[in-house]
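>>> Pasting the sequence and the predicted model now:
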Amino acid sequence: MTHPSDDLGIRIRGLTKTYDGGDPDHPALESVDLDVGVRRFVSLIGPSGCGKSTLLRVIAGLEEHDAGEVSLFGSTPSALCAAKGVGLVPQTPALLPWQTVRRNIALPRRVNRRAGAGGEDPDELLRVVGLSDVAHRYPHELSGGQRQRVAIARAFGLRPRLLLMDEPFSALDEFTREALRLQLLGLWQRRATTVVFVTHSVREAVTLSDEVVVMSARPGRVHEVLPIDLPRPRDAGVVTGSRMHALEDRVRASLQSAWERGAAPDDLVPL
Amino acid sequence: MSESSQMTATAPLRHAPDRPGPAPGPARRRTRPRGPLHPATWAPTAFVVVLLGAGWSAVAAEHPYILPRLSDVGLTLVDRPEVFLANAWSTLSIALIGVACGAGIAFALALVMSEVPVVRRALMPLAVVLNVTPVVALAPGLVVAFGFGLAPKVIVTGIITFFPVLINVATGLRAVPEPVLHVFRTLHASRFEVLWRLRIPYGLPYTLAALRVVMPLSIVGAVVAEFVAAGSSGGLGTLIRTSASAARLDSVYAAIACLAAMGVLMLALVSALERRVLFWHESQRTHASRPRRSHIAQRTEEHPR
């Protein structure tokens, strides 16, 4: 999908990344091109080893790349991080266990004050995500779902231009995932942040996204970018409708094709 | 839609079904943590102590020159408490000054090593050599170099406490989970912020585990130093040495009892510190049903009312 250059949040061209000691014939990422529009919600999905988490870490400036160009809102990942423009929600909540929920949410205000100590009022954010009751509790006193909500609230509290989420709901039960998906959508629609969301769940990708980027492995490449033209807000009527199911089937078919493209010959032998 | 009305849109999720609840599975017998006064806590130890006391008394009755009677040891402590208190204070001072110097230098060095790898590569082999060298063998040389005063005793105690703290703190400073480091890197946190807000707090369990080891070790160091460099300042080590020469076994064992009590007191202090500071850590979950606030969590920001 193409976007006018002014509306690009992320612009990636020819990105190649090989890990030290990795097979140079099968880089983690090879010639990845990707455009993500401003205030778009984009999911990365693909088989294991397709490089989606690597791509997220390169975008976050956590990994160096070998070749290609990564531009975030016209600047480099490092420059956007320095301006506190990037929020990260890792797979595990990554909360500081000796600090209360409130202090964890306020953490981005206290770190890197050179770039400003602004952001959202922690108490207001706690109220919005329904965590006011546990504001003075410590992470070990919370459930897994509550901890992940704190991590999401912490990232949104920064008011980042770009929010990167690496399978944030993968350790949660389906019921909790559903609740957190809705809450995430609520937060995103109000704050209009550009989001890149890595997931293994087709349903999650289709429910949340404007576009689903299907990746293939060996080497990691963008296989297909599928627009999700479901109306917003994605309420219960939308996510249980026939259009939703058709889009899920479309993503699954693309994933199957990506898997076959990236599978080693041995993988294709029937058991 | 206004901001306030939008914000209430997610309010029902306040009751999202992700609260902690009982784990599924077969019903388990409820176990309560037992306090120190519960018989199940103290009875086994008391039984062993009574058994040992009986054995001791039997040997002491037959061979008073091998073991003194426990009553004699008790009477010696009661008759001359000022002697034991003064000497205990002298030994305790050396132990505390030694552990403060040894552990303090080790902590500072571990911080430098974590930030400057070349310092780590340069000094760690030397620290290992110092650790494997018997400190008793070093003591006479230190007495020759520094005389019979406080200095050689503090140095011996410092050396004995240095290595466990260095190794543990160096390990603890690297114990920050990667996802947390990633969050800090995307916030563009400075190296000092990572050190102060992440590495040192995550290293605290390791630091306190080292203190748990070196606090009693510091008494060992002080006594060894007093054995080798008996100066005018006294100390329980000196008292043991002089009492043994005079065949006053009651005084020897009274001094040993004082040393054991000091060790227990030090361990109790470290345990109290651990419960206070590491309320969040897995190791303390069975001790603290209600979390305690550490110096890190500042009350004023938690309760802004």
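Arrived safely, thanks for sending.
>>> so what's residue 21 scoring on pLDDT?
Picking chain A for this. For A:Gly21, the model assigns a pLDDT of 78.
>>> that's the wrong chain, I wanted chain B
Confidence score, pLDDT, at B:Gly21: 43.
>>> Tell me who's in contact with A:Pro97.
When the contact criterion is Cβ atoms under 8 Å, 6 or more residues apart in numbering or on different chains, the partners of A:Pro97 are A:Tyr138, A:Pro139, A:His140, B:Trp280, B:His281. In this view, the C-beta of every residue, glycine as well, is placed from N, C-alpha and C.
>>> Identify those among those that sit within helices.
Using DSSP state H, no member of the contacts of A:Pro97 falls in helices.
>>> And the residues you listed, which two are furthest apart?
A:Pro139 and B:His281 (11.6 Å; Cβ to Cβ).
>>> Please list the outside residues in contact with stretch A:62-77.
Stretch A:62-77 has contacts (Cβ under 8 Å, 6+ apart) with A:8-18, A:27, A:29, A:31-32, A:38, A:54, A:57-61, A:80, A:83, A:85-86, A:161-162, B:182, B:185-186.
>>> neighbours around the residue of the stretch 51-200 of chain B found nearest chain A, how many?
Nearest to chain A in the stretch 51-200 of chain B, going by Cβ to the nearest Cβ, is B:Pro179, at a distance of 3.7 Å. Using other Cβ atoms under 10 Å in any protein chain shown, B:Pro179 has 18 neighbouring residues.
>>> any idea which element it lies in?
Using DSSP states H and E, B:Pro179 sits in helix B:178-186.
>>> Let me see the residues that make contact with that helix.
Here helix B:178-186 has contacts from A:57, A:60-62, A:81, A:86-88, A:90-92, A:94, A:96, A:111, A:164, B:193-194, B:197-198, using Cβ under 8 Å, 6+ apart.
>>> Stretch B:72-89 now?
Taking Cβ under 8 Å, 6+ apart as the rule, stretch B:72-89 contacts B:234-236, B:238-239, B:250-251, B:253-255, B:257-259, B:262.
>>> one more time with 7 Å
Stretch B:72-89 is touched from outside by B:Gly234, B:Gly235, B:Leu236, B:Leu239, B:Asp250, B:Ser251, B:Tyr253, B:Ala254, B:Ala255, B:Ala257, B:Cys258, B:Met262, with contacts defined as Cβ atoms under 7 Å, 6 or more residues apart in numbering or on different chains.
>>> first vs last residue of it, how far apart are they?
The straight-line separation of the ends of stretch B:72-89 (Cα to Cα, to the nearest Å) is 23 Å.
>>> buried stuff in it?
For stretch B:72-89, the neighbour count (16 or more other Cβ atoms under 10 Å in any protein chain shown) marks B:Asp72, B:Val73, B:Thr76, B:Leu77, B:Val83, B:Phe84, B:Asn87, B:Ala88 as buried.
>>> go on, stretch B:261-281?
Those buried within stretch B:261-281 under the rule 16+ other Cβ under 10 Å are B:Met262, B:Gly263, B:Met266, B:Val270, B:Glu274, B:Val277, B:Leu278, B:Phe279, B:Trp280, B:His281.
>>> Mind jotting down where the strands sit in the stretch 1-150 of chain A?
A:8-17, A:29-37, A:41-45, A:67-72, A:86-89 (DSSP state E, counting those that start in this stretch).
>>> Closest approach to chain B from chain A, which residue is it?
A:Gly145 (2.7 Å).
>>> returning to that earlier point: from the contacts of stretch B:72-89, which are also near chain A?
Counting by Cβ under 7 Å from any Cβ of the partner chain, nothing from the contacts of stretch B:72-89 sits close to chain A.
>>> who wins for neighbours among these?
Going by other Cβ under 10 Å, B:Ala255 tops the contacts of stretch B:72-89 with 30 neighbours.
>>> how about it, what does it touch?
Contact analysis of B:Ala255 by Cβ under 7 Å, 6+ apart lists B:Phe84, B:Leu236, B:Leu239, B:Ile240, B:Ser243.
>>> Pick the one among these closest to A:Ser43.
Using Cβ to Cβ, B:Leu236 comes nearest to A:Ser43 of these, at 69.5 Å.
>>> residues in the stretch 51-200 of chain A within reach of chain B, list them.
Counting by Cβ under 7 Å from any Cβ, the stretch 51-200 of chain A sits next to chain B at A:60, A:62, A:81-82, A:84, A:86, A:88, A:90-92, A:94, A:97-100, A:102-103, A:108, A:111-112, A:115, A:128-130, A:136, A:138, A:140-141, A:143, A:145-146, A:175-176, A:179, A:182-183, A:186, A:190.
>>> Buried members of the residues you listed into PyMOL, please.
To isolate the buried members of these in PyMOL, using 16+ other Cβ under 10 Å:
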select buried, chain A and resi 60+62+81+82+84+86+88+90+91+92+94+97+98+99+100+102+103+108+111+112+128+129+130+136+138+140+141+143+145+146+176+179+182+183+186+190
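>>> So A:Pro219: helix, strand or coil?
With DSSP: H, G, I helix; E, B strand; the rest coil as the basis, A:Pro219 sits in coil.
>>> Which pLDDT does the model give the closest residue to it other than its chain neighbours?
In this structure, A:Pro219 finds its nearest non-sequential neighbour in A:Glu30, 3.7 Å apart by Cβ to Cβ, 6 or more residues apart in numbering or on different chains. We note a pLDDT of 91 for A:Glu30 in this prediction.
>>> Can you tell me the number of residues neighbouring A:Glu30?
Neighbour count of A:Glu30, defined by other Cβ under 10 Å: 20.
>>> about what we covered before: out of the buried residues of stretch B:261-281, which one sits closest to A:Arg243?
For the buried residues of stretch B:261-281, the nearest to A:Arg243 is B:Trp280 (46.7 Å; Cβ to Cβ).
>>> quick one, phi/psi of that closest one?
Per-residue torsions, B:Trp280: phi -90, psi -10 (degrees, to the nearest 10).
>>> Show me the helices in the stretch 151-271 of chain A, by range?
Ranges of helices in the stretch 151-271 of chain A, per DSSP state H, counting those that start in this stretch, are A:174-191, A:202-208, A:236-239, A:242-262.
>>> Alpha carbons only: can I get the shortest one in PDB?
Provided in PDB are the C-alpha atoms of helix A:236-239 (Å, rounded to 0.1, in the frame of the first residue of the first chain):
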ATOM      1  CA  ALA A 236     -18.800  -6.700  18.800                       C
ATOM      2  CA  GLY A 237     -20.900  -6.400  15.700                       C
ATOM      3  CA  VAL A 238     -17.900  -5.800  13.500                       C
ATOM      4  CA  VAL A 239     -15.600  -8.400  14.900                       C
END
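>>> Which residues outside that helix are in contact with it?
A:Thr207, A:Leu230, A:Pro231, A:Met244.
>>> Apart from its neighbours in sequence, what residue is nearest the second one?
In other words, A:Leu230. Closest residue in space to A:Leu230, ignoring its immediate chain neighbours: A:Val238 at 5.5 Å, by Cβ to Cβ, 6+ apart.
>>> What number of neighbouring residues does that neighbour come out with?
14.
>>> Equivalent analysis for the one 5 residues further on, please.
The burial count assigned to A:Arg243 is 14, neighbours taken as other Cβ under 10 Å.
>>> which sections of the stretch 151-300 of chain B are below the confidence cut-off?
Per-residue confidence for the stretch 151-300 of chain B (pLDDT under 70) gives these ranges: B:230-233, B:286-300.
>>> can you pull out the helices in the stretch 151-300 of chain B?
Assigned by DSSP H, counting those that start in this stretch, the stretch 151-300 of chain B shows helices spanning B:178-186, B:191-194, B:200-228, B:236-245, B:249-277, B:299-302.
>>> okay if I get the ones you listed as CSV plus distance to B:Arg285?
Listed next are those as CSV, based on distance: least, Cβ to Cβ, whole Å:
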stretch, distance to B:Arg285
helix B:178-186, 20
helix B:191-194, 27
helix B:200-228, 12
helix B:236-245, 38
helix B:249-277, 11
helix B:299-302, 21
